[in-house]
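Chemist: Build me a model:
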Amino acid sequence: MEKREKFGTRLGFILVSAGCAVGLGNVWKFPYICGQNGGAAFIGLYLICLAVLGLPILICEFSVGRASGHSVARAFHDLEPKNTNWHRFGWFGIIGNYLLMMFYTMVAGWMLNYAVRMLFGKLSGLDSDQIAGAFTNMLGSPLEMGIYMVIAVMLAFGICSLGLQNGVERITKIMMLLLICLMVILAVHSLMLPNMQEGLKFYLVPDFDKIADIGFGNVLFAAMTHAFFTLSVGMGSMEIFGSYLDKSRSLTGEALNVVALDTFVALMAGIIIIPACFAYGVEPDAGPQLLFITLPNVFNHMAGGRVWGTAFFIFMSFAALSTVIAVFENILSMTMEVFGWNRKRAVSRNIVGVIVLSLPAVLGYNVLSGVQPIGVGSTIMDLEDFLVSYNILPLGSLLFVLFCTKKNGWGWENFLKEANTGTGIRYPAFIKPYIRFGVPLLIVIIYLKGYYDMFSPYETKTLVFWMCIAAAFLVLIFSFSTSKRKKTR
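Modeler: Residues are numbered from 1 along each chain as shown. Okay, the predicted model is just below:
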């Protein structure tokens, strides 16, 4: 096995970690969730939820990674007490990373596709029905989607093949800095659009009456859910970067930097999108179609819209590829540790594996469109997203927190010592009861509510069935975290 690399600079760690967190959830999902839940009032709740839920889990992942010096595939082997079963969670993390890439590579391909379309003016001059038809036609073409998916996979693995410092760190730093520059340029342009004041007011001025209309509980849960998922915690995608980090800085400060950059991107995405929607009479809560149908219409009505549309989808491509590169680095590290491969062999085998595994999501919109695994109208991608977002991320986060706080796990004292090693902000010891009981409780609530929201539109017996499945998973996780092996390794 190759000698483990380390990040060359602190900025590299922050930008690469943030690149993993800064994905389509920030620039695709956040603006329309914000639009659905009343704008600025939602943002305040979201920031609070980030601090009380997302940040503690992120620090747990970083701590496990740095203390072990391994990916999630091997980290628990090194840190768990003898005769415990925490190491089995490694397979949970491996499966989660592959599952995420089985559809995320396809969506990254969509972004690249639309950047090319905008660049060559293929959407210019089309009316709204024609733009909607262009997106439908793309989904109906397995060859077109497959080609762009393969391009995304080859680009990301090509960067990872150069190594941590020479590839992942160096290229992601450039990509993230360009992404931030593009965001600032697009945000300034958005603020110069006609009638943008209404959009900015909606986005930045709290409207508590709107929260009352929607329901405070609904808005709070939406903020909590998005704060939980936006950081990509729960399956080792962030843990891996802790394993590449030296011990010169405490982890609380480093995690805060990652959260701050992730939040900055989300907020700036809203400034780019929401004023533009108001300027052209478009609803900001239009959902995912906002990107591929609504915004191309907006760009067609702008002066220089082709240029701005190209810049926007290049920015979106950077956001998607930064996550793909980060998760691919995790996959490579895991397979190198499990199978003893060098980086070159791990890259060559995973390129083939990920492309093959990504084909069902691509074909699910066309050749296999008749396969509707979780309800009428659902796709194979919906199933894969459900397995990752509604199961692996929350259950994995629960395991990380329990491992860092339970006596039969790594334990609070070991976690606190690792988190506070180095200069910088220290993690407070008095917060243990909240991390030990409060955070797991919030995760369980989010997990069960996610199942309820997913299946409540169906008949009662379907809802009861899936809620029983969710409860069974929880029982399995808690029994797993308390079990002992009969034989000593």
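Chemist: which residues does R74 contact?
Modeler: 68, 90, 337-338 (Cβ atoms under 8 Å, 6 or more residues apart in numbering). (C-beta placed from N, C-alpha, C; glycine too.)
Chemist: Next: C20.
Modeler: 232, 237-238, 241, 322-323, 326-327.
Chemist: what pLDDT does it get?
Modeler: For C20, the pLDDT comes out at 87.
Chemist: Against M336, how distant is it?
Modeler: 18 Å (Cβ to Cβ, to the nearest Å).
Chemist: which residues does L357 contact?
Modeler: 98, 101-102.
Chemist: Can you verify L193 is assigned to a strand?
Modeler: No: counting by DSSP: H, G, I helix; E, B strand; the rest coil, L193 is not part of a strand but coil.
Chemist: Next, it: phi, psi?
Modeler: Phi and psi for L193, reported as degrees, to the nearest 10, are phi -70, psi 150.
Chemist: is it true that it touches A276?
Modeler: Yes: in this structure, L193 is within contact of A276 by Cβ atoms under 8 Å, at 6.0 Å.
Chemist: These two: which has the busier surroundings?
Modeler: A276 (27 against 18; other Cβ atoms under 10 Å).
Chemist: Could you check which helix or strand contains the more buried one?
Modeler: Using DSSP states H and E, A276 falls within helix 251-279.
Chemist: Let me know the angle separating the helix or strand that L182 is a member of from helix 251-279.
Modeler: Element membership of L182, judged by DSSP H and E, is helix 170-190. Orientation of helix 170-190 against helix 251-279 (axes from the mean of the first three to the mean of the last three Cα atoms, to 10 degrees) gives an angle of 40 degrees.
Chemist: re earlier: now, of the contacts of R74, which are buried?
Modeler: With burial judged by 16 or more other Cβ atoms under 10 Å, the buried subset of the contacts of R74 is 68, 90, 337.
Chemist: tell me which of the residues you listed is nearest to I33?
Modeler: The closest of the buried ones among the contacts of R74 to I33 turns out to be G90 (Cβ to Cβ; 32.4 Å).
Chemist: Surely that closest one touches V72?
Modeler: Yes: the pair G90 and V72 passes the contact test of Cβ under 8 Å, sitting 5.7 Å apart.
Chemist: shared neighbours of those two, anything?
Modeler: Common neighbours of G90 and V72 (Cβ under 8 Å, 6+ apart) are M334.
Chemist: Would you point out the helix or strand in the protein whose mean pLDDT is lowest?
Modeler: helix 289 (a mean of 69; mean pLDDT, DSSP states H and E).
Chemist: Tell me the spacing between M467 and W308.
Modeler: Relative to W308, and taking Cβ to Cβ, M467 is found at 46 Å.
Chemist: Show me which of these two is the more surrounded one.
Modeler: Applying other Cβ under 10 Å to M467 and W308 shows that W308 carries more neighbours, namely 21 against 15.
Chemist: Let me see the mean pLDDT of the helix or strand hosting the more buried one.
Modeler: For W308, the element it lies in under DSSP H and E is helix 305-339. Across helix 305-339, pLDDT averages out at 92.
Chemist: and the angle for the helix or strand following that helix with helix 305-339?
Modeler: Once helix 305-339 ends, the next helix or strand along the chain (criterion: DSSP H and E) is helix 343-363. Angular relation of helix 343-363 and helix 305-339 on a 0 to 180 degree scale: 120 degrees, by the same axes, to 10 degrees.
Chemist: The buried ones among the contacts of R74 into TSV, with extra columns for distance to Y458?
Modeler: Below are those laid out as TSV (distance: Cβ to Cβ, whole Å):
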residue	distance to Y458
S68	42
G90	34
E337	41
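Chemist: What about the closest residue to V22 other than its chain neighbours, how many residues nearby?
Modeler: Closest residue to V22 apart from its sequence neighbours, by Cβ to Cβ, 6 or more residues apart in numbering: V265 at 4.8 Å. Neighbour count of V265, defined by other Cβ under 10 Å: 26.
Chemist: Repeat that for the one 5 residues further on.
Modeler: For G270, the tally of surrounding residues (other Cβ under 10 Å) stands at 29.
Chemist: hmm, back to that, what does the pLDDT read for the residue nearest to V22?
Modeler: Value for V265, per-residue pLDDT: 87.
Chemist: need the contact list for it.
Modeler: Residues near V265 by Cβ under 8 Å, 6+ apart: 18, 22, 26-27, 179-180, 183, 319.
Chemist: So which of those residues is the closest to G422?
Modeler: A18 (19.1 Å).
Chemist: Next one: the closest one relative to L231, how far apart?
Modeler: 10 Å.
Chemist: what helix or strand does the closest residue to P275 other than its chain neighbours sit in?
Modeler: By the measure of Cβ to Cβ, 6+ apart, the closest residue to P275 outside its immediate chain neighbours is G199, 3.4 Å from it. In this assignment (DSSP H and E), G199 forms part of helix 196-204.
Chemist: Report how many residues lie close to G304.
Modeler: By other Cβ under 10 Å, the residues close to G304 number 10.
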